[in-house]
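**Q** Structure for this input, please:
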Amino acid sequence: MSMEADVISNRRIEPERNDRKKCKLSTYEEKTESSKDESNLLSYDALGIIFSYLPAIDLCHCSQVCKLWRDVATFELSIRKVIIRSGTYEDLIKKHDVNRIFESSIRNKPMLNLVFISKDGVLANLGEDNRAFFGYKKYFPKNCFSVGINVPGLVIENEEYEENKCLSSYFLLPDDPSVHINMINAYLTVSYIFKREKNEYIGSAEYEHEIKSDLSEIFEKGIGGLENPECVILLCIDESYMVRKLNKMNLRGIKSVWGGVVKEIDVIYQHEEVGDDLTWLALIISGKYVKSWSTFLDKNDVNEKDIRSKLLKLKDNLQLYKHTIGLMFSCNGRGAHWYNNRKNVESSIFKSIFPEIPLIGCFGNGEFGNCNVNANPEYNMKRDKIYRQYSTSFMILTYGKIDENLEIDDNN
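**A** Residues are numbered from 1 along each chain as shown. Prediction:
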């Protein structure tokens with residue numbers, strides 16, 4: 001409401017019968033009624049421009065004002081893309097606003113948050129907690145899986161930071177009602193399964209020491225009736241027996257796998273610790289509008305021509321949906337050392353072929369991956385071997401139905 005309108009609504013009108021009480025009541029009711037209509041003074045387009053500057057949590061608050069605001073806020077959230085960030089671990093959290101938690105500053109409404117923490121990129125003084133990830137658990141988004149992994153080096157777009165001691169990064173995948181994620185948190189003798197779709201803990205499975213156990217049954221429980229399971233992010237700590245067990249695991253129905261061996265795995269959900277120093281973790285992603293493509297570079301891929309050939313095959317199979325991210329997990333033995341001290345070879349070629357797809361990842365000591373680019377539509381991994389060494393694993397994940405009535409600028 002303009003200032004002029006405020007002045008008019010507060011003018012004193014002299015009553016014919018000098019009934020000032022009735023006059024004041026009438027003026028108050030008029031002003032109250034005007035305030036109710038104030039939200040409608042802004043058009044849909046004007047609200048859209050204003051809302052484009054707001055963080056996700058403020059958009060959620062705005063959606064409760066009225067139907068128009070709800071529609072604009074919902075649309076604004078739906079078009080926001082995947083977020084990737086990098087910096088020192090402390091700066092990634094505190095650079096937003098020290099008086100507001102991290103959740104209040106992020107741009108999209110996330111369902112999955114994966115944080116890559118370089119092996120020495122931890123904080124010395126964290127109050128009651130002495131570990132970087134759990135020390136900042138209150139800052140992470142509440143209604144999404146936040147996974148922290150300790151790794152020796154990072155990949156961010158077309159830059160590869162090998163053996164980096166202070167840099168960290170993360171990605172935030174926007175929420176989508178058509179996507180479902182189940183998570184398996186596993187220790188040596190027990191695993192826990194969480195189903196994000198219904199915000200519920202499915203249950204646990206106790207078993208003998210994993211050296212003697214088949215993990216396929218645990219994975220079957222992790223799928224938990226998911227419709228169209230598409231891909232899995234698989235991470236484990238540096239234990240040779242664990243790698244062997246995971247390599248034999250039956251990933252029936254899964255099209256793509258990505259991940260590798262890291263130093264540490266921790267999980268936060270609903271601002272609580274639900275996985276502390278895990279042995280292995282699986283994030284199973286499914287949905288009607290979810291697609292993934294994966295490939296890997298191995299010991300035979302030693303030059304740019306080899307890399308480009310495999311990634312171009314990946315490109316030939318792509319069918320992108322609303323949200324897309326590229327993931328890269330490379331062996332410590334590759335990087336610049338593999339290419340005669342030339343840096344950023346693999347990530348730069350990926351970005352030259354897929355300039356519009358954000359790329360993030362890390363280095364590790366062993367990789368999980370498969371190649372499904374030449375597979376028929378009915379392909380599933382069954383008992384394909386997924387563990388590799390001196391390799392680089394790539395996966396492109398895309399999801400979310402595109403509104404056919406929405407014009408999307410490919411240059412953005």
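
**Q** So which bits of stretch 306-314 are buried?
**A** I307, K310, L311, L314 (16 or more other CB atoms under 10 Å). The C-beta positions use only the backbone N, C-alpha and C, and glycine is treated the same way.

**Q** quick one: average pLDDT of it?
**A** Averaged over stretch 306-314, pLDDT sits at 92.

**Q** contacts for that stretch?
**A** Around stretch 306-314, the neighbours that count as contacts under CB atoms under 8 Å, 6 or more residues apart in numbering are 293-297, 300-301, 345-346, 349-350, 353-354, 373-374, 394, 396.

**Q** where does the stretch 301-412 of the chain dip in pLDDT?
**A** Residue ranges of the stretch 301-412 of the chain with pLDDT under 70: 374-384, 403-412.

**Q** Tell me where it has helices.
**A** Along the stretch 301-412 of the chain, the stretches classed as helices by DSSP state H, counting those that start in this stretch are 304-316, 345-353.

**Q** Return the distance of the nearest residue to V302 once chain neighbours are set aside relative to F171.
**A** Excluding its sequence neighbours, the residue lying closest to V302 (CB to CB, 6 or more residues apart in numbering) is W338, at 7.3 Å. W338 is 25 Å from F171, where distance means CB to CB, to the nearest Å.

**Q** for K221, same thing?
**A** 27 Å.

**Q** Which one's more surrounded, these two?
**A** Comparing K221 with F171 by other CB atoms under 10 Å, the one with more neighbours is F171, at 21 against 17.

**Q** pretty sure the more buried one is in a strand, no?
**A** Yes - assignment of F171 by DSSP: H, G, I helix; E, B strand; the rest coil places it within a strand.

**Q** ok, it - contacts?
**A** Contacts of F171 by CB under 8 Å, 6+ apart are V82, I83, I84, N113, L114, I325, P358, I360.

**Q** will you turn those into a markdown table that also has distance to Y192?
**A** Shown next, in a markdown table, are those (distance: CB to CB, whole Å):
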| residue | distance to Y192 |
| --- | --- |
| V82 | 27 |
| I83 | 28 |
| I84 | 28 |
| N113 | 19 |
| L114 | 18 |
| I325 | 26 |
| P358 | 30 |
| I360 | 26 |
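
**Q** Looking at those residues, spot the one nearest V65.
**A** Using CB to CB, I83 is the member of the contacts of F171 that sits closest to V65, with 25.5 Å.

**Q** And the closest residue to that closest one other than its chain neighbours, what's its pLDDT?
**A** Ranked by CB to CB, 6+ apart and with sequence neighbours excluded, the top spatial neighbour of I83 is L172, at 4.2 Å. On the pLDDT scale, L172 is placed at 90.

**Q** Roughly how far does L172 sit from P355?
**A** Where P355 is concerned, L172 sits at a distance of 21 Å (CB to CB).

**Q** same question, L283
**A** Computed as CB to CB, the L283 to P355 distance reads 27 Å.

**Q** More neighbours: which of the two?
**A** L283 (23 against 9).

**Q** give me phi/psi at that one?
**A** phi -110, psi 110 (degrees, to the nearest 10).

**Q** Is it correct that it is in contact with L112?
**A** Yes - the criterion here is CB atoms under 8 Å, and L283 meets it with L112 at 7.0 Å.

**Q** how about S169, what does it touch?
**A** I84, R85, S86, G87, L92, V115, F116, L154, I156, I360.

**Q** buried residues in the helix or strand containing the fourth one?
**A** Going back to what we said before, that points to G87. Element membership of G87, judged by DSSP states H and E, is strand 83-88. Buried residues in strand 83-88, counted by 16+ other CB under 10 Å: I83, I84, R85, S86, G87.

**Q** And Y269, how close does it get to V82?
**A** 20 Å.

**Q** Which one's more surrounded, the two?
**A** Y269 (23 against 19).

**Q** Just list whatever residues bridge to the nearest residue to the more buried one once chain neighbours are set aside.
**A** Nearest residue to Y269, sequence neighbours excluded (CB to CB, 6+ apart): F145, at 5.7 Å. Here F145 shows beta-bridge partners L112, assigned using DSSP bridges.

**Q** Next one: L114 relative to N303, how far apart?
**A** 30 Å.

**Q** So these two - more neighbours on which side?
**A** Taking neighbours as other CB under 10 Å, L114 and N303 compare with L114 leading, 23 against 11.

**Q** for that one, what are its contacts?
**A** Neighbouring residues of L114 by CB under 8 Å, 6+ apart: V147, I149, Y170, F171, I233.

**Q** The last one: which element?
**A** The one in question is I233. I233 is located in strand 229-237, with elements delineated by DSSP H and E.

**Q** Tell me which residues are up against that strand.
**A** Strand 229-237 has contacts (CB under 8 Å, 6+ apart) with 114, 147, 149, 223, 242-243, 246, 251, 253-265, 278-287, 290-292, 294, 327, 368, 386, 395, 397.

**Q** mind listing what that strand pairs with, with the direction of each?
**A** Counting by DSSP bridges, the strands paired with strand 229-237 are strand 256-262 (parallel), strand 280-287 (antiparallel).

**Q** Check the offset of the first one from the chain's centre.
**A** Read it as strand 256-262. 15 Å (CA atoms, centre = their mean, to the nearest Å).

**Q** what's the next secondary structure element after that strand?
**A** Next helix or strand after strand 256-262 toward the C-terminus (DSSP H and E): strand 264-269.
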